[in-house]
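Undergrad: Return a 3D structure for these sequence lines:
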Amino acid sequence: MKKNNLKTLLTLCFAAIITTTACAQEHKKNQTRLKEIEHAISNTVLLNNQNNVIPIKGLAQKRFVSVNLGYENQVAFDSLLNKYADVKLTDAAIYKDSASYNNLEDDLKFYNTVIIALNDKMALNGKNISFISNLTKSKQVIVALFGHGSSLASFDNLNMPIVWINSNNNESAMVSPQIIFGGIGASQTLTKAHSGKYTVGSGYKTTATRLKYTVPEDADVNSDDLKEIDNIILDGIKQKAAPGMEVLVAKDGKVIYNKAFGYHTYANTMPDKLSDIFDLASVTKITATTPSVMRLVEQGKLNLDTNIGYYIAKARNTPMNNIHVREVMLHQAGFIPYIPFHNFVKEGDYSRDSSAAYPTKVADNYYIKKGFFNDFMWPKMLNSPIKTRGSYVYSDISMYVMQDIVEHLTQEPLDKYTQENFYTPLGMYRTGFLPRNRFSKDEIIPTEDDQAFRKTLLEGYVHDQGAALKGGVAGHAGLFGSANDLAIYYQMLLNQGTYGGEQYFTPQTVQTFTSKQSNVSRRGLGFDRWDSDLTKKYPSELASPQTFGHTGYTGIGVWVDPARNMVYIFLSNRVNPTVTEVLGRLNIRPRIEDVINKAIDKGKK
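TA: All right, here's what the predicted structure looks like:
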C-alpha cells in the first residue's frame, strides 16, 4: 500500500494557510481568507450522524486511514486530518484493477475507521459508491463530500456520516477534517431537498471539542502584528542561536500561527518542518511525569503529604526517607541540583555493540552495562546529601524520584503509562519516549554532536546524559514531541482538563498543580510559573501572573497564559552542534512571547 509522505503534507498548503510572513498587508490577505473559511463553514452540513460518530471520540481505539480515490484537494484534506490523529494515507491509483477496488479493500483490513473525500462527480461513479458500501459492512466509514448537493442522492441507501460542503476548494478541504474531529462545530441544515432522504432541515449540530486551525484574524489578532516573530527568529538563526526553530500560537482554542524556520543542522540540507520531532528536555517534567502524578493524586493512590519512603522501599534507609512528595514536586526537598553521571563512566562500563552484558542503548553505537542505573546511579541519588530542605533548589533528582513513585503505583514504565493514558487518547501520536523506535532519523531534529561522552551526533537519543544512561526514559528528560502535539496537551490544561470530549483531569486538579503552591518560590507543583519579581521579566515582560509552563535545556519553551487564553510553543535545537547561550542572550523566547502578548492585547481594544 502506498502512503503519501506525511511530513510533506504538513508543510504544504496548510502551512501557507495559518502562518504569517514578513510581507506587508498580511492582515488584508487573511481577512479575505477568513471570509472564505467562514463561507465554507456556513455551507457545511453534517448528515447521518444519528450515532454521534462525529466529532470523533476514543482515538485510542481507532485505526484511521484516508483513501485517496482521486479527489483534487486531497493533500489539503489529509494535512488537516493528521493534525488530529495518526491517519495513514493510501492512494487508490496504484491499484491496477479498473473493474473494482477489491485489492484495495483487502489492504484496508487492519483499519477500523476509513475516511474518504469525494467531489460531486466522483460521487456519481458507481464504482466508488460500491467500494464505500462494501467497506461499511465491517468498518466505520466517514465521507467528506464537496460540490453540488445533487450528488447526495448517491448515498440514499447508505447510513455512514457525511460532511457535505457546497463548495470545492482548498479552504473547504481543510474545514471538513476539522468538522470530523471537532475542531469546528457543525451548525447548518439543508435548506433544499436533494433526494428522498436528504430533505429540507436534514442535518446534525455539534460543538467544537479540539483545536481549530485558522488565521490570526479568527481570534481577533492582526496578522501584521505577529510578523515580528519571523524577524526575531531569522535574526536568531543568523546569529547562530540555533540552526532551526518552530513557533506555534493558539488563542481561544484556535491555532493562529505555526511556522518552522531554518534547518536541522547548519549544513542546511534538511529544512525544519511542522511535523518535526524535538528533544523536549525538561519539558518532560510537566508533559510526562507531572500529569502522571496528577492522575494518581486524583485517583487517591498518591498523597502529596506522604513521605518518599512510604512509596519507595529503597529510600527507607536513606536521607530521602522522611521527605514529603509535595516538597519533591516543589523542588524544595533539599536535593543537590545535578549529578554528572556520565563523568563516572569508565572503560568497561560501556560497549559499542549490544549484548546481554550491555543491553541499554544510550546512543548510536553506545551501550551501557547491565545494572548501571539500578546498581550505581539510583543508589547514588538516594544517598545524596540533603542540604537545603525547605529552600527552592531546582533539581533533576526530584523527577527521578517522582518517576520511581509513579512506576511503583501504576506498575508500568513511565513511557508506557503516559502513552496509554495521555498521548494516544489525546491524538499526540508524534510524542513519546524513545522516538527512534517509531520514527526515522530525518523526522527527528538532531541535538548535540557529542564528542565528549557518546562520540556521535545525537539523533533521536535524549541529550541529557543521565536520562540517556537510564535508557532514554526518565522523569526529568527523554520525552520527544512536535509543536502540534504540545499544543494539544497544553490546550487540554487550558481547558481545565478536557479535550476532544474527554476529561483527563478535574478543573480543581489543574488549578492546584499550575497555580503558585510555594511560599519560597514562584513554582506550582511540577510547573514553572510567572515570576513576581518584575525585574526578571520571566517568562516574559508582559506575561500575566497566571502564566504557567516550563523551559527545556535543548532550547524549548511552553507557556500557557490563561488570562489571554493563549498557548505558546517554542522549539529549537540550540545545543547543535554544541551548547550555545546565544538563544538566552538574545532573549528570543521571551521576546516572541511579548510580540504575541502585544498582538492579543491590541486585538482586545
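Undergrad: Next up, the contacts around Asp349.
TA: For Asp349, the contacting residues are 368-369, 372, by Cβ atoms under 8 Å, 6 or more residues apart in numbering. For every residue, glycine as well, the C-beta is placed using N, CA and C.
Undergrad: burial measure for Trp530, as a count.
TA: 22 (other Cβ atoms under 10 Å).
Undergrad: Mind pulling up the pLDDT for it?
TA: Predicted confidence (pLDDT) for Trp530: 98.
Undergrad: next one: phi and psi at it?
TA: Main-chain torsions, Trp530, degrees, to the nearest 10: phi -60, psi 140.
Undergrad: sorry, back to before: highest neighbour count among the contacts of Asp349?
TA: Ranking these using other Cβ under 10 Å puts Ile368 first, with 25 neighbours.
Undergrad: Kindly list the main-chain dihedrals of that residue?
TA: Here is the backbone geometry of Ile368 (degrees, to the nearest 10): phi -100, psi 150.
Undergrad: Would you report the backbone torsion angles of the closest residue to it other than its chain neighbours?
TA: What sits nearest to Ile368 in space, not counting adjacent residues and going by Cβ to Cβ, 6 or more residues apart in numbering, is Thr360, at 4.7 Å. Per-residue torsions, Thr360: phi -100, psi 120 (degrees, to the nearest 10).
Undergrad: still on that earlier bit, okay, the contacts of Asp349 in a markdown table with pLDDT next?
TA: Shown next, in a markdown table, are the contacts of Asp349 (pLDDT from 0 to 100):
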| residue | pLDDT |
| --- | --- |
| Ile368 | 98 |
| Lys369 | 98 |
| Phe372 | 98 |
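Undergrad: related to what we said a few turns ago, and the residue nearest to Ile368, how close does it get to Tyr350?
TA: Separation of Thr360 from Tyr350 (Cβ to Cβ, to the nearest Å) stands at 9 Å.
Undergrad: Now do the shared contacts for these two.
TA: 367-369.
Undergrad: and which of those residues is nearest to Lys387?
TA: For the shared contacts of Thr360 and Tyr350, the minimum distance to Lys387 (Cβ to Cβ) is 28.6 Å, reached by Ile368.
Undergrad: In this structure that closest one contacts Phe344, no?
TA: No. Contact between Ile368 and Phe344 fails when scored by Cβ atoms under 8 Å: they sit 11.2 Å apart.
Undergrad: Please tell me I have it right and Ile165 contacts Asn43.
TA: Yes. Between Ile165 and Asn43 there is a contact under Cβ under 8 Å: 5.8 Å.
Undergrad: neighbour-wise, which of these two wins?
TA: The residue with more neighbours, out of Ile165 and Asn43, is Ile165; 24 against 16, by other Cβ under 10 Å.
Undergrad: check contacts around that one.
TA: Counted by Cβ under 8 Å, 6+ apart, Ile165 has contacts 40, 43-44, 144-146, 172, 175-176.
Undergrad: would a markdown table of those residues with pLDDT and distance to Val255 be doable?
TA: Shown next, in a markdown table, are the contacts of Ile165 (pLDDT from 0 to 100; distance: Cβ to Cβ, whole Å):
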| residue | pLDDT | distance to Val255 |
| --- | --- | --- |
| Ala40 | 97 | 17 |
| Asn43 | 96 | 23 |
| Thr44 | 98 | 19 |
| Ala144 | 98 | 20 |
| Leu145 | 98 | 26 |
| Phe146 | 98 | 23 |
| Ser172 | 97 | 19 |
| Val175 | 98 | 14 |
| Ser176 | 98 | 17 |
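Undergrad: Would you show me how to pick out the buried ones of those in PyMOL?
TA: Per 16 or more other Cβ atoms under 10 Å, the buried members of these correspond to this PyMOL selection:
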select buried, resi 40+43+44+144+145+146+172+175+176
